[in-house]
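*Asks:* Predicted coordinates and the sequence they were generated for:
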Amino acid sequence: MEMDISQYKDLFITEAQEHLDALNKFLLQLENDPNNLDVVTEIFRSAHTLKGMSATMGYDQLTELAHEMENLLEHLRTGDVPVTTNVVDTLFSCFDTLGAIINAIAEDRPEQIDFSGLVGEIRAVTEEPAVEQPAPEEPIVVEAEVAEPQAPVQRATEPEATKAELTEPQAAEQRVTEPPAIKAEPAQQQAAVPALAEPVASSELEVDEADMRRYSATPGMRIMRLTVELDRECLLKSVRVFMVFKKLAQLGDVLGSMPPVEALEDEKFESTFQVAVATPETGQRVEKALLAIAEIASVKTDVLHEPALEARPSGAAGADGATDKAAAGLSAARRTQSVRVNIARLDTLMNLVGELVINRTRLAQIAQGSNIPDLREALDQTSRLTAELQDEVMKTRMVPVEHVFNRFPRMVRDLARAEGKEIDFVVEGKEIELDRTILDEISDPLIHMIRNAVDHGIATPEKRVKQGKPARGTVKLSAYRDRNYVAIEVYDDGEGVEPARVFDRALSKGLIGEDERRSLTDDDVLRVLCMPGFSTSDQVSGVSGRGVGMDAVKSKAEALGGFVLLAFEPGLGTTVTLKLPLTLAIVQALMVEVSGETYAVPLGTVRETHVISPEDIKTVQSHEAIFLRDETIPLLRLDRLLECSHLLNGAEQFPVVITEIGPRLIALGVHSLIGQQEIVISTLDKFLKRVEGFAGATILGTGRVALILDIPSLM
Amino acid sequence: MEDKGYAVDREMQLVAFKVGNEEFGVDVKKVEGVISLVDVTRMPRAPKFVEGIINLRGQIIAVVDLASRLGVASSDRGPATRIVVVEAQDVKVGLIVDSPEVINIDKEDIEASPALASADVESSFIKGVVKLGDRLLILLDVDRVLSDEERTDIGAMDAAPGQDSGEEQEA
């Protein structure tokens, strides 16, 4: 029998990354609000979980660094080390190093990362002269006894939402070794302190009284002791233990274990261990959940406390509030229970649904020829079900943009500091969802856009004040739905773009000719900014020039079926908007016919359709255009663009599809309109990709292939 | 499955076919399959030799008019016309040919004298020639025929005429 810890590696990496994101997020919060102890607690919790996970997986470097960090955090939490810039910087360095180690693990690079300097820094800031911060009206507690190493009840994992929880064996041990081990702590902590050491010989795990009181006071909570037995052949017992604890943490709060969690991690037990847990679940469900983990031989449940129907504890008001909060957090955690699924599996699912959609369309077409009512009805039903299935599959692929947005506050902070700028970074619309594949692709373009805003949009505080602006600049990253698109916008209230300078620069680089200077619309400016190799940055530095990367932004947006917009006010600010389709695989399209071939126009770009007569067509600057409600819309005859043999006769009426490409309207002249239809997009292989004008192709119900028009590249 | 014992080193299988009046062969390992001529969707803006695109069991692939690509005179399409699907540099491409068949040859019969093979066909496309009685088979290098430079050309060739014709019409 062979067991491989590496199968947990991916899971570990994903979760570690999430904790790292959370750490960065909370530390930024703390930097802005140094007195917020709740945030310290959150940081501590993530760091602690990270440490536990790493220890389980045997990643010693991570464990070690997380442990050092935890010591510092513990001091922040107790308030005997104040939150200074120095401390924040040190912690940020720690996070970066943790990130580097995690990356090394992810990439199977075995090298050791030397962070001894960092550890020195941590210790140095930890020992900075503490400012006395006596906690109000709280008794001084001597905690040495708490840290009795053989204490039968140990806190295993930090419960999800119990802010009051502070006792943690390692931290406690640390305190003991540090004279003077006298700390001022709020009352709740006292409540959470495990009872004095029971005789080590005790054969059953006991839940300490404070926990008993707290959890039994929470309505609907059961407290139970689980005796878990692993298969005798189980090789990596610690992994199983980790999974048991993880599962239990999802179901409720782990109150302690026997042997203590460190011993379990070190596999210092035979095959049986006990865990105490407070959970709203029934014993049966907990058992079932644990038995689902491989190599768990048996689980025995002793319910120590059945939920009270109603219970109001007579304890301190503070602890009471915290308990409520904890309970609320717990039920929230249960509601959002989720499963991690490999993205490749979702892709396969999506492909299958795609084929199903094609077949459904094919069936519908066959049925059109027949007049069997039952067949029609069955088909309608199938159509409805397929649509629902497709919708659901699509939803499973959607992730909030938050996953990408989360890394930017830290980036903006670092950039601003490096450049001596003061910047408020505002994020809006984090909850907006995008297809996972699209989201993965846009992180780099967004980095370019935000860097541009910081580097070239926002000026130094001195310059801003001179211009009569507040010294602090604002960079805003926002996401919002715009019909079938998601718009992601980066705004800065900085310098704006000066078209004249842009053109001078482009001219001097030979990117454009002198004759192009006369047109200075926003569109032209954007086009020039997006030319490869263009940059307006005046000084050569490590940072980007506006324009460096804009070509990358543009090509990425277009590759994803989206586009880029630019709006600016010289001296007042710039907005760069990335418009992306909600999803890649299946879209609604308007099918049109040109010279006997069917083409698909993505419905997201279609505004309306009209039938026009030759007299509606005007010639503006030697280009054909039509007038519609006071707007002049350029007319593109698809038959000419697509080099068809059969051209529209100048004398007849023909339909036009009015499309919206960014801010511009384009009228596409076609032979006929076929109708609206759902299409599954297939990308063209590399043999065909270079042919411009098409976003891909789709298989019609007839089995024939139709090209999907990409209007910007068609023009 | 290639292991046939005695002649394993010498024997080689080809898919042989006609294009116009000439006969060609492609190493069977390069061939994914042969399908009948289906409805091809025209691909505007692609070079002339790209006939269009088809649905090959749910996958969309390009179809190349091999006569046009090789620059040989083509004959009319008839009941014997087929699409031979080959894989060239990880991409499946269909080639329009006539009367494909699988034949066994002896590797030693391959002569590396491309210059003599055909007056019309670009010599870099030719791996060699095989004499089969009075038949002369030109062994094609499909990777070259559909080479990367060629793919680059597909884009380049397209851009120029497309824009020209547009401007002519507007003027």
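*Replies:* Arrived safely.
*Asks:* In terms of helices and strands, where is A:Met394?
*Replies:* For A:Met394, the host element (DSSP states H and E) is helix A:373-396.
*Asks:* and what of A:Thr437?
*Replies:* Going by DSSP H and E, A:Thr437 is in helix A:436-452.
*Asks:* Repeat that for A:Leu415.
*Replies:* With DSSP H and E as criterion, A:Leu415 is part of helix A:408-418.
*Asks:* Report the helix or strand with the lowest average pLDDT across chain B.
*Replies:* helix B:148-170 (a mean of 41; mean pLDDT, DSSP states H and E).
*Asks:* quick one: contacts of the helix holding A:Leu415?
*Replies:* Contacts with helix A:408-418, where a contact means C-beta atoms under 8 Å, 6 or more residues apart in numbering or on different chains, come from A:24-25, A:28, A:31, A:92, A:421-423, A:425, A:427, A:446-447, A:450-451, A:454-455, A:458, A:475, A:477, A:543. (C-beta placed from N, C-alpha, C; glycine too.)
*Asks:* That helix versus helix A:436-452: what angle between them?
*Replies:* Angle, helix A:408-418 to helix A:436-452, by axes from the mean of the first three to the mean of the last three C-alpha atoms, to 10 degrees: 20 degrees.
*Asks:* still on that earlier bit, so which of the contacts of helix A:408-418 are in helices?
*Replies:* Judged by DSSP state H, the contacts of helix A:408-418 include A:24-25, A:28, A:31, A:92, A:446-447, A:450-451 as members of helices.
*Asks:* Show me the residue at the heart of chain A, geometrically.
*Replies:* A:His403 (0.9 Å; C-alpha atoms, centre = their mean).
*Asks:* how much space between that one and A:Glu643?
*Replies:* 44 Å (C-beta to C-beta, to the nearest Å).
*Asks:* now do A:Ile13
*Replies:* For A:Ile13 relative to A:Glu643 (C-beta to C-beta), the value is 51 Å.
*Asks:* for chain A, which spans come out with low pLDDT?
*Replies:* A:1-7, A:110-111, A:128-202, A:307-337, A:483-484, A:515-523, A:531-548, A:583-585, A:645-651, A:662 (pLDDT under 70).
*Asks:* Okay, domains of it per the record?
*Replies:* Using automatic domain parsing, the domain ranges for chain A come out as A:5-135, A:179-308, A:343-399, A:401-581, A:586-714.
*Asks:* OK, now which residue of chain A is nearest to chain B?
*Replies:* Evaluated by C-beta to the nearest C-beta, chain A has A:Arg690 as its residue closest to chain B, separated by 2.9 Å.
*Asks:* what's the neighbour count on that residue?
*Replies:* Using other C-beta atoms under 10 Å in any protein chain shown, A:Arg690 has 18 other residues around it.
*Asks:* quick one: is stretch B:96-107 near chain A?
*Replies:* No. If you take C-beta under 8 Å from any C-beta of the partner chain as the test, stretch B:96-107 misses chain A, and the best it gets is 15.1 Å.
*Asks:* Restricting to C-alpha, output that stretch in PDB.
*Replies:* Output in PDB follows, covering the C-alpha atoms of stretch B:96-107 (Å, rounded to 0.1, in the frame of the first residue of the first chain):
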ATOM      1  CA  ILE B  96      -8.400  17.600 -50.600                       C
ATOM      2  CA  VAL B  97      -7.200  14.700 -52.800                       C
ATOM      3  CA  ASP B  98      -8.500  12.100 -55.200                       C
ATOM      4  CA  SER B  99      -8.600   8.300 -54.900                       C
ATOM      5  CA  PRO B 100      -6.600   7.800 -51.700                       C
ATOM      6  CA  GLU B 101      -5.400   4.200 -50.900                       C
ATOM      7  CA  VAL B 102      -3.000   2.600 -48.500                       C
ATOM      8  CA  ILE B 103       0.000   1.000 -50.000                       C
ATOM      9  CA  ASN B 104       3.100  -0.800 -48.700                       C
ATOM     10  CA  ILE B 105       6.500   0.100 -50.000                       C
ATOM     11  CA  ASP B 106      10.000  -0.900 -49.400                       C
ATOM     12  CA  LYS B 107      11.900   2.000 -47.800                       C
END
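*Asks:* three-state assignment of the closest residue in space to A:Asp616 that isn't next to it in sequence?
*Replies:* Nearest residue to A:Asp616 in three dimensions, chain neighbours excluded: A:Ile626, at 5.2 Å (C-beta to C-beta, 6 or more residues apart in numbering or on different chains). Under DSSP: H, G, I helix; E, B strand; the rest coil, the three-state class of A:Ile626 is strand.
*Asks:* Provide a list of residues in contact with A:Ile626.
*Replies:* A:Ile626 neighbours (C-beta under 8 Å, 6+ apart): A:612, A:616-618, A:632-633, A:635, A:656, A:667.
*Asks:* Can I get the residues you listed in TSV including neighbour count?
*Replies:* Below are these laid out as TSV (neighbours: other C-beta atoms under 10 Å in any protein chain shown):
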residue	neighbour count
A:Ile612	17
A:Asp616	16
A:Ile617	17
A:Lys618	12
A:Thr632	13
A:Ile633	20
A:Leu635	20
A:Val656	26
A:Ala667	25
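*Asks:* so A:Ala276 sits in a strand?
*Replies:* Yes. Under three-state DSSP, A:Ala276 falls within a strand.
*Asks:* So what's the residue count around the residue nearest to it when sequence neighbours are not counted?
*Replies:* Distance criterion C-beta to C-beta, 6+ apart; nearest residue to A:Ala276, sequence neighbours excluded, is A:Leu255 at 4.1 Å. Other residues lying near A:Leu255 total 31 when counted by other C-beta under 10 Å.
*Asks:* Which strand or helix spans A:Leu255?
*Replies:* strand A:253-258.
*Asks:* can you check A:Lys430 too?
*Replies:* Per DSSP H and E, there is no helix or strand for A:Lys430.
*Asks:* in terms of contact, does it touch A:Glu402 like I think?
*Replies:* Yes. A:Lys430 lies in contact with A:Glu402 (C-beta atoms under 8 Å); the separation is 4.0 Å.
*Asks:* how near is B:Ser75 to chain A?
*Replies:* 22 Å (C-beta to the nearest C-beta, to the nearest Å).
*Asks:* ok, now which ones touch the closest residue to that residue other than its chain neighbours?
*Replies:* The shortest distance from B:Ser75 to any non-neighbouring residue, by C-beta to C-beta, 6+ apart, is to B:Gly20 (5.5 Å). Applying C-beta under 8 Å, 6+ apart, we find B:Gly20 in contact with B:67, B:72-75.
*Asks:* how about 10 Å then?
*Replies:* With contact taken as C-beta atoms under 10 Å, 6 or more residues apart in numbering or on different chains, B:Gly20 is in contact with B:66-67, B:70-75, B:97-98, B:120.
*Asks:* For these, please prepare CSV with the additional fields secondary structure.
*Replies:* Formatted as CSV, those follow (three-state DSSP):
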residue, secondary structure
B:Leu66, helix
B:Ala67, helix
B:Leu70, helix
B:Gly71, coil
B:Val72, coil
B:Ala73, coil
B:Ser74, coil
B:Ser75, coil
B:Val97, strand
B:Asp98, strand
B:Asp120, coil
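*Asks:* Out of these, which comes closest to chain A?
*Replies:* Using C-beta to the nearest C-beta, B:Leu66 comes nearest to chain A of these, at 14.4 Å.
*Asks:* Would you confirm that B:Ser142 contacts B:Lys127?
*Replies:* Actually, residue B:142 is Val. It isn't Ser. Yes. At 9.4 Å, B:Val142 counts as touching B:Lys127 under the criterion of C-beta atoms under 10 Å.
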